[in-house]
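>>> need coordinates for the following:
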Amino acid sequence: MKQAFADDVLNSLTAQVAVLDARGTVVAVNEEWKRFARENGGDGKTFYVGANYLAVCENTAGRAEDPVAKRTIDGMRDMIHGKRDRFSVEYPCHAPDRQRWFVVNATRFSHEGATYLAVVHADITGQKLAENALRETEARLRDVLEALPVGVWIMDREGRIVHGNAAGQRIWAGARYVGPDHFGEYKGWWLDSGRPIAADEWAAARAISKGETSIDEEVRIECFDGSSKIILNSAIPLHDDAGRMTGAIIVNQDITSRKHAEEQVRKANASIDAMNRELQQVLARERLKARTDDLTGLNNRRHFFELGNQLFAVAQRYRTPLSILMFDLDHFKRINDLYGHQMGDTILKRVARMAQEHLRHADVLARYGGEEFIVVLPNVGAHDALAAAENIRACVAAYRESAGDSELSVTISAGIAEILPGDDVLDHLIKHADQALYAAKHAGRNRCRIYASPR
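As a prediction, this is how the structure comes out:
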């Protein structure tokens with residue numbers, strides 16, 4: 001029963017998983033590993049079970065002359081020799097018809113007194129494509145800046161000028177990449193009064209220090225070659241989605257022809273503003289996609305660990321309670337087999353919504369994999385977490401889904417574990433919750449259990 005459950009968990013994962021013994025020999029793989037091997041010209045018979053993982057990597061490195069494979073070999077060799085407990089590396093694995101990237105994460109663990117290595121290959125193509133799209137957007141933005149007939153200067157959040165386009169350098173007859181403390185190096189006078197512009201009066205300085213937007217301030221400047229020009233000087237602070245200032249954009253226009261210059265500045269400002277909005281929208285979409293489960297809309301496994309590790313560290317630091325709740329649907333495979341995966345997806349989404357309704361905003365709920373869900377509950381002990389789990393269980397048990405002429409009911413089993421002395425990593429707590437979940441399954445399903453420490 002325990003082995004079958006472990007196999008079901010491994011085979012439900014979307015990542016390719018292999019388990020190695022202490023010598024690096026592959027002793028078990030999941031179905032995703034097998035599928036990938038079959039579809040990509042690998043060992044489609046044994047799927048490398050019984051083979052030495054390092055030998056497989058060395059063969060790959062020899063064929064492809066891949067330096068990443070060499071780093072993988074060195075890292076895995078260190079793990080086998082006990083020099084490290086974890087190892088991670090990203091690598092490209094492009095197919096003829098599409099680009100692909102993966103990350104390999106290896107972890108040492110012990111089972112019944114023996115040491116093993118879990119090697120997980122996860123597809124991060126979506127993340128890499130998002131990063132490439134972001135770089136392309138940034139490159140397009142720079143191309144636009146260089147093509148503009150107006151001077152454009154970009155400042156970081158500290159007020160340091162980090163980029164000036166060619167038009168801006170032509171206007172000033174050069175460039176000085178300095179911060180607000182050295183704005184006195186710029187010589188200028190207000191056109192309407194002739195009064196010298198102090199260092200903290202420049203539009204750029206006010207944008208950074210006060211968040212002010214200044215448009216088309218007419219000033220006379222002394223260029224770095226000693227010549228004099230009259231320009232329209234504008235500064236626009238930039239903010240992220242949370243309202244935090246990220247820098248500013250300064251626009252200069254030589255107004256030899258005032259009307260023409262005013263129109264050009266307006267177009268430049270509109271273009272830059274549109275580019276910034278597009279960039280922020282791309283970032284927001286990709287951030288959300290990178291941390292969200294596509295089916296349920298919950299946190300995905302990767303984002304859960306990012307948040308969970310932070311909450312675990314806080315609980316350790318301040319010695320506050322923290323619990324992990326793991327639950328999954330009982331006999332979910334039977335539902336998929338009898339009613340189809342579309343019905344299975346409907347139930348998963350409904351269970352996710354019910355769980356959210358019975359949790360606090362501070363709790364972090366995620367889809368852990370397949371039909372399994374996980375929650376980290378900060379400042380909550382095991383018995384309060386059990387109460388939350390029972391509320392979810394009861395709600396799910398009362399739920400009915402129409403399936404043709406009949407009604408379909410589902411149940412869940414749950415395991416709870418509270419942080420204990422000696423739990424120095426989140427994985428320990430998750431393992432305890434998983435053991436409690438197994439106990440709930442073993443006791444007959446449709447129930448919740450708290451992890452009982454053997455200590």
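
>>> where do the helices sit along this structure?
2-12, 31-39, 53-64, 67-80, 125-147, 166-172, 203-210, 258-291, 301-318, 332-339, 341-357, 382-398, 426-442 (DSSP state H).

>>> among those helices, which is nearest E371?
Closest approach to E371 among those is made by helix 332-339 (4.0 Å; C-beta to C-beta). Where C-beta positions appear, they are placed from N, C-alpha and C, glycine not excepted.

>>> packing partners of that closest one?
Counting contacts by 3 or more C-beta pairs under 8 Å, 6 or more residues apart in numbering; DSSP states H and E, helix 332-339 is packed against helix 341-357.

>>> can you give the domain ranges for the protein?
Domain ranges of the chain: 2-123, 128-290, 301-450, per automatic domain parsing.

>>> buried deepest among these, which one?
The highest average neighbour count among the domains of the chain, using mean count of other C-beta atoms under 10 Å, belongs to domain 301-450 at a mean of 18.

>>> first-to-last residue distance for that one?
Domain 301-450 has its terminal residues 22 Å apart, counting by C-alpha to C-alpha, to the nearest Å.

>>> swap in stretch 207-223?
Across stretch 207-223, the terminal residues are separated by 22 Å (C-alpha to C-alpha).

>>> any idea of the mean pLDDT in it?
Average pLDDT, stretch 207-223: 91.

>>> before we move on, what about stretch 138-157?
The average pLDDT within stretch 138-157 is 81.

>>> and if you look at stretch 246-264?
For stretch 246-264, the per-residue pLDDT averages 77.

>>> what does stretch 375-386 give?
Computed over stretch 375-386, the average pLDDT equals 96.

>>> send the alpha carbons of that stretch over as CSV?
Output in CSV follows, covering the C-alpha atoms of stretch 375-386 (Å, rounded to 0.1, in the frame of the first residue of the first chain):
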residue,chain,number,x,y,z
VAL,A,375,-1.6,24.8,2.9
VAL,A,376,0.8,26.6,5.2
LEU,A,377,-1.0,28.2,8.2
PRO,A,378,1.1,30.8,10.0
ASN,A,379,0.5,31.4,13.7
VAL,A,380,-1.7,28.3,13.8
GLY,A,381,-1.1,25.2,15.9
ALA,A,382,-2.0,21.6,14.9
HIS,A,383,-5.4,21.5,16.6
ASP,A,384,-6.6,24.8,15.1
ALA,A,385,-5.3,23.5,11.7
LEU,A,386,-7.3,20.3,12.3
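
>>> switch the helices of the chain over to CSV; also include distance to M155.
What follows is those, written out as CSV (distance: least, C-beta to C-beta, whole Å):
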stretch, distance to M155
helix 2-12, 49
helix 31-39, 47
helix 53-64, 44
helix 67-80, 37
helix 125-147, 13
helix 166-172, 12
helix 203-210, 6
helix 258-291, 13
helix 301-318, 30
helix 332-339, 54
helix 341-357, 42
helix 382-398, 48
helix 426-442, 40
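
>>> so which of those is nearest I249?
helix 258-291 (5.7 Å).

>>> roughly how far out does stretch 158-171 sit from the chain middle?
On the basis of C-alpha atoms, centre = their mean, to the nearest Å, stretch 158-171 sits 32 Å off its chain's mean C-alpha point.

>>> same question for stretch 88-95.
17 Å.

>>> give me the residues contacting it.
The contact list for stretch 88-95 (C-beta atoms under 8 Å, 6 or more residues apart in numbering) reads 40, 66, 68-69, 71-72, 75, 99-106, 124.

>>> if we go to 7 Å?
V68, R71, T72, G75, R100, W101, F102, V103, V104, N105, I124 (C-beta atoms under 7 Å, 6 or more residues apart in numbering).

>>> report the two of those residues separated the most.
So, those by C-beta to C-beta: farthest apart are G75 and R100, at 20.7 Å.

>>> endpoint to endpoint, stretch 332-346 covers what distance?
Note: stretch 332-346 ends 12 Å apart using C-alpha to C-alpha.

>>> same question but for stretch 419-426, I mixed them up
First residue to last in stretch 419-426 (C-alpha to C-alpha) measures 9 Å.

>>> how about stretch 410-430?
So stretch 410-430: terminal residues 24 Å apart, C-alpha to C-alpha.

>>> off-centre distance for it?
Counting by C-alpha atoms, centre = their mean, stretch 410-430 comes out at 23 Å from the chain centroid.

>>> cool, stretch 105-117 as well?
Worked out by C-alpha atoms, centre = their mean, stretch 105-117 lies 27 Å from the chain centre.

>>> give me the residues contacting that stretch.
With C-beta under 7 Å, 6+ apart as the test, stretch 105-117 has contacts from 19-22, 76, 79, 85-88, 118-120.

>>> any idea how far R301 is from I374?
From R301 across to I374, the span is 8 Å (C-beta to C-beta, to the nearest Å).

>>> overlap in contacts of these two?
Counting by C-beta under 7 Å, 6+ apart, the contacts common to R301 and I374 are A366, Y368.

>>> between the two ends of stretch 370-382, how far is it?
Length of stretch 370-382, first residue to last, C-alpha to C-alpha: 25 Å.

>>> got a list of contacts for it?
Residues contacting stretch 370-382 (C-beta under 7 Å, 6+ apart): 12, 304, 308, 311, 315, 320-329, 332, 348, 355, 359, 362-368, 385, 388, 416, 418, 450.
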